[in-house]
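1. Generate coordinates for the sequence data below:
(2 chains)
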Amino acid sequence: MNTSLNRHRNIIDFALSSLLRRKMKNFSLLALYTLIVFVIASLLFFVHALKREATLLLADAPDMVVQRLMAGRHDLIPVAYAEKIRSLPGVSTVTPRLWGYYYDPVFGANYTLTVPPKPTVEPGNILVGAEVSRNQRVSEGDMVAFRTAAHVPLLLTVKGIYPAASNLVAADLIIMSAEDFQAMFDLPKAHATDLAVTVANPRELATVATKIVEAFPDARPILKSEMLRTYDSIFDWRGGMMVVILSAAVLSFVIFAWDKATGLSAEERREIGILKSIGWETADVLYLKLWEGIVISLSAFLLGGLLAYGHVFFFSASLFEHALKGWAVLYPRFKLVPTVDSYHLAVLFFLTVLPYTTATIVPAWLAATADPDAAMRS
Amino acid sequence: MTVIELSHVTKSFNVGKSNQFTAVDDVSLAIEPGRLTILKGPSGSGKTTLLSLIGCMSRPSSGRIRLRGVRTAFLPAEETEAGFDISSLPERFLTEIRRTTFGFIFQQFNLVRGVSVLENIMLPAYPTTESHAAFQARARELLRLFDISRHASSRVEWLSGGELQRVAIARALINDPAVIIADEPTAHLDSKLSREFMEIVATFKAQGKTVLIASHDPIAYDSHLADRVVEMRDGRTTADWPHP
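-> All right, here's what the predicted structure looks like:
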């Protein structure tokens, strides 16, 4: 049956055999293109997954954290502040929190020590993150010796190890009892690191914060939204570092596309002239070149995207890990939860497939608008 | 039957510039259907330009070219039977006429390197609404007709001059055109192959096709097959006589 669909099918058919006759050139083109898409897609997937983890992490964070400032620095806050803040209208709960950092000179690693609001471990016991257990070479039931502020060893028993899946949050984490925490840092009993405050009506957060500052001029309330912004900027900072890599990748793509755009060979021009002289319209030639461009760019987009997905979500972005993950000696080994933003995919598509296809079409269009009788004179 | 009428056709290049020149100058000609017309003349006499004007590859600077009996999708059948002017048609329409009405055999063969003989033959049929299977079957039939079936999947650059000529002829016939236009078809062939080409032209005539050949080769213009020889010089027709 004669249909206009046949015309497109026929042109696609010729586009494929046209690509296959320059196997080496087109396969190397595809490989390079796939590599660029792979790098860009890996970066986009990685940043997005990290941001998502951070958002999930802060979902359980308190509405507000109240710290005490001393000479512009974070200082311990008296637990007595909690009682007065609790009595402010609109405040639901106030929980004193104990947390801090511990540097282990033997293993050269920083750990995050925290005391859960509800007692989870008995004094003398701890729960540790998978990386701490690996770093200290301890397993459940083993004893770990920490050095207290008075340089006295404190022996604690490992009661549990967080699974590796929670590594982004728990890699360097040690959970201990309030008694052990106070003993370790020689902390005054009536003091906490900060106060976690929850407010029934989120609209009253700013008012409650103002009232806290009025009641305690040395207090510094930090809202959850401010924490989210800080986390966002931390990850964006990392994203910013990646933007450098990203711009390098995009730049190399532009050079590559430009090379392609200006690289219509004399042989290709001659072919376009022949096609025009034997009855191909300018539009037919453009369809042919469009399909050639689409086959290369879409294959590279899909292949590069799939490889990047595997790299980030199944191989934990192993190529970027040392540059982009963790900030201490303990590089968390974790698998990010597979998540892909359709916006990012669209950005990737518009950054790669469209410019390349355009770069293929424009020189072909210039050549295809030549008079068909040029072939008669060649 | 297709008839081509040229009336005071002139084709100039680089108009308004210092290097302006007129390749075809005030040519009037009527090409009769089913006949072999030879355009004879030295290089630069305007033969190729005239062929490209007749074959809808370019438009005349002045004058009119009318086609009669050509089937097109853009004009009703009554109008095409009565004849219509192609001198000022948009490129799209000219391309359609070129694809459906004319089959071209170029001096340099103009085959696409790197693709197979079969695909080269099918090239003019790709941008049509016909199914791939249908025109592939026709291409294979043409391969058999010209005895080049064994080369179907070979690349054209591996073929000899005579084989290339036959591939170019097969390609010109793929859309079953009413008019065959050949520009210096024997220029790169030895005498034996040139005579073979003229034998193929005889089959075109037998099928009722109109054939137009531009040539300064005596094997072509002295051939008993020629119904008419139009001599050209400096863009003008200097003699026009039925072949004895």
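
2. tally of neighbours for A:Ala266?
-> 7 (other Cβ atoms under 10 Å in any protein chain shown). Where you see a C-beta, it was placed from the backbone N, CA and C, and this is true even at glycine.

3. In terms of pLDDT, where does it sit?
-> pLDDT recorded at A:Ala266 is 80.

4. for A:Trp237, same thing?
-> So A:Trp237 comes in at 56 (pLDDT).

5. do the same with the one 4 residues further on
-> If you check A:Met241, the pLDDT there is 63.

6. same check, this time on A:Ile12
-> At A:Ile12, the pLDDT value in this model is 92.

7. can I assume it is in contact with A:Ile294?
-> No: counting by Cβ atoms under 8 Å, A:Ile294 is not a contact partner of A:Ile12; they are 9.3 Å apart.

8. And the residue of chain B that's closest to chain A?
-> B:Arg99 (2.8 Å; Cβ to the nearest Cβ).

9. Remind me which helix or strand that residue belongs to.
-> Element membership for B:Arg99 (DSSP states H and E) is helix B:91-101.

10. Next: A:Leu5.
-> Per DSSP H and E: helix A:4-20 holds A:Leu5.

11. Any idea how many residues pack against the closest residue to chain B within the stretch 101-250 of chain A?
-> Residue nearest to chain B within the stretch 101-250 of chain A: A:Ala249 (32.2 Å; Cβ to the nearest Cβ). Residues lying near A:Ala249 (other Cβ under 10 Å) number 22.

12. helix, strand or coil for B:Phe74?
-> coil (DSSP: H, G, I helix; E, B strand; the rest coil).

13. That one: what's it in contact with?
-> Under the criterion of Cβ atoms under 8 Å, 6 or more residues apart in numbering or on different chains, the contact list for B:Phe74 reads B:Phe93, B:Glu96.

14. ok, now A:Thr55?
-> Applying Cβ under 8 Å, 6+ apart to A:Thr55 gives the contacts A:Leu228.

15. tell me which element it is part of?
-> helix A:23-59.

16. Counting neighbours, which bits of that helix end up buried?
-> A:26, A:29-30, A:33-51, A:53-54, A:58 (16 or more other Cβ atoms under 10 Å in any protein chain shown).

17. what are the bridge partners for the one residue sitting closest to the centre of chain B, then?
-> For chain B, B:Ile181 is the residue whose C-alpha lies nearest the centre (Cα atoms, centre = their mean; 1.5 Å). Listed by DSSP bridges, the beta-bridge partners for B:Ile181 are B:Phe104, B:Leu212.

18. Quick check: it touching B:Cys56?
-> No: under the criterion of Cβ under 8 Å, B:Ile181 is not in contact with B:Cys56, lying 10.0 Å apart.

19. For the closest residue to chain B within chain A, I want the exact helix or strand it lies within.
-> Relative to chain B, the nearest point of chain A is A:Gly279 (2.8 Å; Cβ to the nearest Cβ). Per DSSP H and E, A:Gly279 falls between elements, in no helix or strand.

20. Around it, how many other residues sit close by?
-> If we define neighbours as other Cβ under 10 Å, then A:Gly279 has 29 of them.

21. List the contacts of the closest residue to it other than its chain neighbours.
-> Nearest non-adjacent residue to A:Gly279, counting by Cβ to Cβ, 6 or more residues apart in numbering or on different chains: B:Arg99, 2.8 Å away. In this structure, B:Arg99 makes contact with A:Ile278, A:Gly279, A:Trp280, B:Pro124, B:Pro127, B:Thr128, B:Asn175, judged by Cβ under 8 Å, 6+ apart.

22. so what pLDDT did A:Leu288 get?
-> At A:Leu288, the predicted lDDT confidence score is 92.

23. in which helix or strand would I find it?
-> If you go by DSSP H and E, A:Leu288 is part of helix A:282-313.

24. Would you mind listing which of the contacts of B:Arg99 are buried?
-> Buried by 16+ other Cβ under 10 Å: A:Ile278, A:Gly279, A:Trp280, B:Pro124, B:Pro127, B:Thr128, B:Asn175, out of the contacts of B:Arg99.

25. Mind putting the residues you listed into JSON lines with pLDDT and distance to B:Pro42?
-> Listed next are the buried ones among the contacts of B:Arg99 as JSON lines, based on pLDDT from 0 to 100; distance: Cβ to Cβ, whole Å:
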{"residue": "A:Ile278", "pLDDT": "90", "distance to B:Pro42": "27"}
{"residue": "A:Gly279", "pLDDT": "89", "distance to B:Pro42": "30"}
{"residue": "A:Trp280", "pLDDT": "91", "distance to B:Pro42": "32"}
{"residue": "B:Pro124", "pLDDT": "94", "distance to B:Pro42": "31"}
{"residue": "B:Pro127", "pLDDT": "91", "distance to B:Pro42": "36"}
{"residue": "B:Thr128", "pLDDT": "89", "distance to B:Pro42": "38"}
{"residue": "B:Asn175", "pLDDT": "91", "distance to B:Pro42": "32"}
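
26. Okay, buried residues for the strand ranked longest in chain A please.
-> Counting residues, the longest strand in chain A under DSSP state E turns out to be strand A:91-104. Of all the residues in strand A:91-104, those buried under the rule 16+ other Cβ under 10 Å are A:Val91, A:Thr93, A:Val94, A:Pro96, A:Arg97, A:Leu98, A:Tyr102, A:Asp104.

27. And the strands in chain A, which stretches?
-> A:64-70, A:73-75, A:77-78, A:91-104, A:109-115, A:125-128, A:143-147, A:153-161, A:173-176, A:191-192, A:194-199, A:219-223.

28. now these as JSON lines including distance to chain B and mean pLDDT?
-> Formatted as JSON lines, those follow (distance: least, Cβ to the nearest Cβ, whole Å; pLDDT from 0 to 100):
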{"stretch": "strand A:64-70", "distance to chain B": "69", "mean pLDDT": "92"}
{"stretch": "strand A:73-75", "distance to chain B": "72", "mean pLDDT": "90"}
{"stretch": "strand A:77-78", "distance to chain B": "78", "mean pLDDT": "93"}
{"stretch": "strand A:91-104", "distance to chain B": "67", "mean pLDDT": "91"}
{"stretch": "strand A:109-115", "distance to chain B": "61", "mean pLDDT": "88"}
{"stretch": "strand A:125-128", "distance to chain B": "65", "mean pLDDT": "91"}
{"stretch": "strand A:143-147", "distance to chain B": "70", "mean pLDDT": "89"}
{"stretch": "strand A:153-161", "distance to chain B": "63", "mean pLDDT": "91"}
{"stretch": "strand A:173-176", "distance to chain B": "63", "mean pLDDT": "90"}
{"stretch": "strand A:191-192", "distance to chain B": "78", "mean pLDDT": "92"}
{"stretch": "strand A:194-199", "distance to chain B": "70", "mean pLDDT": "92"}
{"stretch": "strand A:219-223", "distance to chain B": "65", "mean pLDDT": "91"}
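
29. to the chain's geometric centre, what's the distance from stretch A:341-358?
-> 19 Å (Cα atoms, centre = their mean, to the nearest Å).

30. All good on my end, thank you.
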